[in-house]
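Student: Structure of the sequence below:
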Amino acid sequence: MRDTKSFLKVAAFSAAATLAGQAMAMPWDTDMADSDAVKAYERIMMPLPEGVMSQPHLLTPISYRAVSPWIVDGALTTATASMSNPLDASADVLAQGERMYNVYCTPCHGNGVELGPVSERGYPAIAVLAGDKGRLQNQTDGHVYLTIFNGSMSGLMPGYSYAMTEQEMWSIVSYMRHSLPNAAAPAPVAPAAEEGEEADQ
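Tutor: I've put the predicted structure just below:
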């Protein structure tokens, strides 16, 4: 009789512990969606410690790169706006850009006008790049390149500087500008004239 009571107590305790453990794993508890994750641009990336030498990764042979301060108070810096693509739009560059675009961009952005398969799963806020409503026609080459390099300001798109060389990222810019519809760079904005210059005219 005593053994039966002891068994029932142990069984009841085990059942209570199991239910408590399951309750802690329910959706209302902290999970990956509600974690204390740090999104892009919420803090400045720490540089390498003094005296440490960056080493290339075995699979992606690109060493450490500092993220450039291309956004200040939510706006592009002057240096970013004035960046220009160092590559000529040669057949080799466009072929390389198409290859990189198909690997890193197509899953989300599709052909630039129609979004890729990731959007079909309900992933929100993927940008349309080309066509009448595309973003590329309103963004400078520097903006596009650094979005690929650092990721988007929203943090939705990751940066790909770990996976591609600078030439490969610029080749994507060249490919999009020359191959996607309505993706040409906006006309450069003339610098505002100083008050003294206006008076002289």
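
Student: Could the C-alpha coordinates of the helix or strand harbouring Met100 be exported in PDB?
Tutor: Met100 belongs to helix 91-104 when elements are defined using DSSP states H and E. In PDB, the C-alpha atoms belonging to helix 91-104 read as follows (Å, rounded to 0.1, in the frame of the first residue of the first chain):
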ATOM      1  CA  ALA A  91      30.400  41.300 -71.600                       C
ATOM      2  CA  ASP A  92      32.500  39.600 -68.900                       C
ATOM      3  CA  VAL A  93      31.400  41.900 -66.200                       C
ATOM      4  CA  LEU A  94      27.700  41.500 -67.100                       C
ATOM      5  CA  ALA A  95      28.100  37.700 -67.300                       C
ATOM      6  CA  GLN A  96      29.700  37.700 -63.800                       C
ATOM      7  CA  GLY A  97      27.000  40.100 -62.500                       C
ATOM      8  CA  GLU A  98      24.200  37.800 -63.900                       C
ATOM      9  CA  ARG A  99      25.800  34.800 -62.200                       C
ATOM     10  CA  MET A 100      26.100  36.600 -58.900                       C
ATOM     11  CA  TYR A 101      22.600  38.000 -59.200                       C
ATOM     12  CA  ASN A 102      21.100  34.600 -59.900                       C
ATOM     13  CA  VAL A 103      22.800  33.100 -56.800                       C
ATOM     14  CA  TYR A 104      22.300  35.900 -54.200                       C
END
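
Student: so where do the helices sit in the chain?
Tutor: 2-24, 78-81, 91-104, 106-109, 117-120, 141-150, 166-179, 195-200 (DSSP state H).

Student: least reliable of these going by mean pLDDT?
Tutor: Out of the helices of the chain, helix 195-200 stands lowest, with a mean of 51 (criterion: mean pLDDT).

Student: so what secondary structure elements neighbour the helix holding Met100?
Tutor: The elements that helix 91-104 packs onto, with contact taken as 3 or more C-beta pairs under 8 Å, 6 or more residues apart in numbering; DSSP states H and E, are helix 166-179. For every residue, glycine as well, the C-beta is placed using N, CA and C.

Student: Packing partners of the helix it packs on?
Tutor: With contacts defined as 3+ C-beta pairs under 8 Å, 6+ apart, helix 166-179 has these neighbours: helix 91-104, helix 141-150.

Student: which of these sits most buried?
Tutor: Scoring the helices and strands packed on helix 166-179 by mean neighbour count under mean count of other C-beta atoms under 10 Å gives helix 141-150 as the most buried, with a mean of 21.

Student: what's that helix packed up against?
Tutor: Helices and strands touching helix 141-150, by 3+ C-beta pairs under 8 Å, 6+ apart, are helix 78-81, helix 166-179.

Student: want to try a markdown table for the ones you listed, with distance to Leu146 as columns?
Tutor: Conversion of the helices and strands packed on helix 141-150 to a markdown table gives the following (distance: least, C-beta to C-beta, whole Å):
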| stretch | distance to Leu146 |
| --- | --- |
| helix 78-81 | 6 |
| helix 166-179 | 9 |
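
Student: right, so those helices: which one is the most enclosed?
Tutor: Sort the helices and strands packed on helix 141-150 by mean neighbour count, taking mean count of other C-beta under 10 Å, and helix 166-179 sits at the top with a mean of 21.
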